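Peer 1: Return a 3D structure for these sequence lines:
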Amino acid sequence: MNRLTTSKISIFFALLPVVLYLGAFGCSPSAIAQSSTFSLSNLNRNEQKIDKSVKSKRCVKSIKVGKIRRSYVVNTPYGYGDKPAPLVLVLHGAMANTFAMAWDTRMTEKANEHGFIVVYPRGIGIAKTLMTWNAGDCCGIAKLRNIDDIAFLKALIKQLREDYNVDGDRIYIAGASNGGMMAYKAAIELSDQIAAIATANGTMMTSELKPGEPVSILAFHGTKDHIVPYQGGPGGLPFWKIIGTKAADNVKFWAERDKCSANPVRESIGNYVKESYCNGANGTEVCVYIVNGGKHNWPGGRGTIISSDSAMSKLDATDIICKFFLAHPKMRTNIEAHK
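Peer 2: A predicted model of the protein is given here:
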């Protein structure tokens, strides 16, 4: 076993108690209250004129899909009411949970600023820990149990549209790592409902590449990511391994599928390169941020501090994602209302 592998395993087991703690208490009322308090104290109240008389609210809910009861956390933003609001599902990575995802990404704060309803679904694990998504060839308990997470997301979207005033043309998914893999799978299999997805350090792990409606894609990749390698190939964690797809192949697939321009608009800014494939069908776009030296972290997330990932800390993925989503609603080719 080489020194790099030994180091990675040591770090993993050093952080495991923290992961287990967050998993055990990630959706408890006290944890939700703590996260909500932090969100409100750090909100930039001057960015937008939002009706503060209607406060943001957070709650834990569940839905039964088949024989399994699945839970999720919902945050409605300031000013939520009669006007249909965009909906963002945020999928945690493998071994993580809803609380850790909200804390790392600060998505609740940004959703409050931009007027999104943000939902954090919970994957499948053991005693609310070590949770994963079945994104095809990955990962963990969800994969071993052959959990139908597409059925869960489909049922969840349906339930949220019944319970909340959701803009049916502005339904989005953002995911990290295994959650990003799941977002890709949802973009393929739920393309009639999803307007756009965003992934951080995710890749396509499904062979289900059926044609469907165009979906806008936003991706972030670090060139030194050894868990989901930017160049594809072997990766994963000590408990399981993956063979990932090249980031460039993912981008090519979606750019061609969405009928975007063949030549991207390329920008080099600091330590990253942004490539945008524009003018896709129904207004879609495929955009990728390639971070030179970036590791397996949410760009701009709190996790970049813990892991000393200075390369990934220079981008604010959450803010970029929210703006990308707002710029890419679902544009339908027919006038029939979505059912």
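Peer 1: show me what contacts the residue lying closest to residue 294 once chain neighbours are set aside?
Peer 2: In space, residue 294 comes closest to residue 222 once its chain neighbours are excluded; the distance is 2.4 Å by Cβ to Cβ, 6 or more residues apart in numbering. Yep, even glycine has a C-beta here, placed from its N, CA and C like the rest. Neighbouring residues of residue 222 by Cβ atoms under 8 Å, 6 or more residues apart in numbering: 201, 230, 291, 293, 294, 295, 296, 297, 309, 311, 312.
Peer 1: In contact with the second one, which residues?
Peer 2: The contact partners of residue 230, taken as Cβ under 8 Å, 6+ apart, are 221, 222, 223, 224, 246, 247, 290.
Peer 1: ok, 10 Å please
Peer 2: Contact partners of residue 230, counting by Cβ atoms under 10 Å, 6 or more residues apart in numbering, are 201, 203, 221-224, 244, 246-248, 290-291, 294.
Peer 1: quick one: which of those is nearest to residue 268?
Peer 2: residue 290 (9.8 Å; Cβ to Cβ).
Peer 1: Compute the number of surrounding residues for residue 97.
Peer 2: Using other Cβ atoms under 10 Å, residue 97 has 29 neighbouring residues.
Peer 1: Residue 282 too?
Peer 2: Based on other Cβ under 10 Å, the number of other residues close to residue 282 is 17.
Peer 1: One more: residue 240?
Peer 2: 13.
Peer 1: before we move on, what about residue 58?
Peer 2: 18.
Peer 1: So it is in contact with residue 72, correct?
Peer 2: No - assessed by Cβ atoms under 10 Å, residue 58 is found out of contact with residue 72, at 11.4 Å.
Peer 1: Need the residues touching each of those two.
Peer 2: residue 120.
Peer 1: still on that earlier bit, now the residue nearest to residue 294: phi and psi?
Peer 2: phi -100, psi 140 (degrees, to the nearest 10).
Peer 1: Of all the strand elements in the protein, which one is longest?
Peer 2: Ranked by residue count, the top strand of the chain under DSSP state E comes out as strand 166-176.
Peer 1: How about the contacts made by the residue lying closest to residue 155 once chain neighbours are set aside?
Peer 2: Among residues not flanking residue 155 along the chain, residue 65 sits closest, at 5.0 Å (Cβ to Cβ, 6+ apart). If you count contacts by Cβ under 10 Å, 6+ apart, residue 65 has them with 147, 148, 149, 151, 152, 153, 154, 155, 156, 159.
Peer 1: Same check on residue 89?
Peer 2: 72, 117-121, 153, 156-157, 160, 171-175, 179, 182-183, 186, 194, 197.
Peer 1: With residue 157 instead?
Peer 2: 87, 89, 119, 166, 168, 171, 173, 186, 190, 193, 194.
Peer 1: How about residue 311?
Peer 2: Contacts of residue 311 by Cβ under 10 Å, 6+ apart are 222-224, 270-272, 291-295, 297, 299, 304.
Peer 1: Looking at those residues, spot the one nearest residue 317.
Peer 2: residue 299 (3.9 Å).
Peer 1: gap between the residue nearest the centre of the chain and residue 208?
Peer 2: What sits nearest the mean C-alpha location of the chain, by Cα atoms, centre = their mean, is residue 175, with 1.6 Å. Residue 175 is 17 Å from residue 208, where distance means Cβ to Cβ, to the nearest Å.
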